[in-house]
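Q: What follows is a predicted structure for the sequence shown.
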Amino acid sequence: MTSPILLLSDLHLPDAPSPLRERFLEFLTGPARQAQAVYLLGDLFEVWVGDAEGLLAYADEARALRALHDAGVSVAFMAGNRDFLLGSAFAEVAGLRRLVDPIVVNLAGTPTLLSHGDSWCTDDIGYQRWRRFSRNPLAQAIFRRLPARWRQAIGGTARQRSKVDKRAKPAEIMDVNADAITTAFAQSGVRRIIHGHTHRPADHLDAAGRERIVLADWRPDHCEYLQVDDDGLRRVVLPSSGSTRARE
C-alpha cells in the first residue's frame, strides 16, 4: 500500500503561543512523517502581514515544515483569505510548494479539484469585492512597502472587522454557492472537490454522484485532517495526546 496523502485547512494559527500551534507541530512530527504528501489548503495562519514578520513569529513551524520536506514528504501550500500574502521567502525556508487556487491533482487515482473555497462564496458580495482588491498585485505591492507597524495595525483591524462582519451576516451567504460549485465541476471535469474556508465540515454527494468534501477548521479540542489512500477517504482526529484516531 502506498503512503497516504493528508489534507487540512483553516488552522488559523495565532502569532502567540497556542494549543493549536502545539497540535500542528505534533501533526508535522507524527502522522505527516508517514505521508507521501501534505496539502495545506489555506488559512494555516490567522493573519499574515509579511514574510519577515512571519519567519520570526512562526520560526518553529517553519523549521518543522522544512524538516518534513527534507524527510521526503511533499508539502504544498495554497493561500487562504487570512494568509494570501505569504510569499516566496517563507515558502523557500519552510520547503513549501505554492499552489494556485483552484488546482486539479491526482489523489490516489482520482482527479480532484482542490481549493481554499472562498472564491465560491459568491453570495457574499462584500467579501468578494474585498477579495478582488486584496488579490490585486499592485495593492499587494503597495502593502508590502508599508512600515511593519502599519502593516500589523492594518492586519489587526482587518481581522477584527472580519469577526464583526461574520456575526452580522446571514450564515447562508458565507457558504459556497451551489451554482459556483456546479460551474467548478463542469470547468474542471472532475467528480470530486475538496475545500475548506466555510468551517462547515461535511461530505456532500450530489444527484450526479459527484463528491464535495469540506475540510474541518481546527479548534483546541478538535484538530482534524483528511487522509486519502488506496482504501479511500477518512477523517482523522489528532487528540492532545499526540496519538491519532479515525473519527466515527
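A: Thanks, I have the structure now.

Q: What ranges does this protein have for its strands?
A: Counting by DSSP state E, one finds strands in the chain at the ranges 5-8, 37-40, 74-78, 97-99, 103-107, 110-115, 192-195, 202-205, 211-214, 224-229, 232-237, 245-246.

Q: Next, format those strands as TSV and append mean neighbour count, mean pLDDT and distance to N177.
A: Using the backbone N, CA and C atoms, a C-beta is placed for each residue, glycine as well. Formatted as TSV, the strands of the chain follow (neighbours: other CB atoms under 10 Å; pLDDT from 0 to 100; distance: least, CB to CB, whole Å):
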stretch	mean neighbour count	mean pLDDT	distance to N177
strand 5-8	24	98	22
strand 37-40	24	98	23
strand 74-78	21	98	20
strand 97-99	16	98	22
strand 103-107	15	97	20
strand 110-115	20	98	13
strand 192-195	24	98	13
strand 202-205	11	97	13
strand 211-214	20	98	12
strand 224-229	22	98	23
strand 232-237	15	97	24
strand 245-246	10	60	31
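
Q: Kindly reformat those as TSV containing distance to G30.
A: TSV is the format used below for these (distance: least, CB to CB, whole Å):
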stretch	distance to G30
strand 5-8	11
strand 37-40	12
strand 74-78	15
strand 97-99	21
strand 103-107	21
strand 110-115	23
strand 192-195	22
strand 202-205	24
strand 211-214	22
strand 224-229	11
strand 232-237	11
strand 245-246	12
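
Q: centroid residue for the chain?
A: G42 (2.3 Å; CA atoms, centre = their mean).

Q: where's that one relative to Y225, distance?
A: Distance of G42 to Y225, computed by CB to CB, to the nearest Å: 14 Å.

Q: same thing with A89?
A: Distance from A89 to Y225, by CB to CB: 26 Å.

Q: Also I173?
A: 28 Å.

Q: go on, R219?
A: For R219 relative to Y225 (CB to CB), the value is 13 Å.

Q: can you give me the end-to-end distance of stretch 108-121?
A: 28 Å (CA to CA, to the nearest Å).

Q: now swap in stretch 119-136 and tell me
A: 14 Å.

Q: Now do the contacts for A108.
A: T2, I5, V228, D229, D230, G232 (CB atoms under 8 Å, 6 or more residues apart in numbering).

Q: So the closest residue to P14 other than its chain neighbours versus V236, what's the distance?
A: Among residues not flanking P14 along the chain, E46 sits closest, at 4.9 Å (CB to CB, 6 or more residues apart in numbering). Distance, E46 to V236, using CB to CB: 23 Å.
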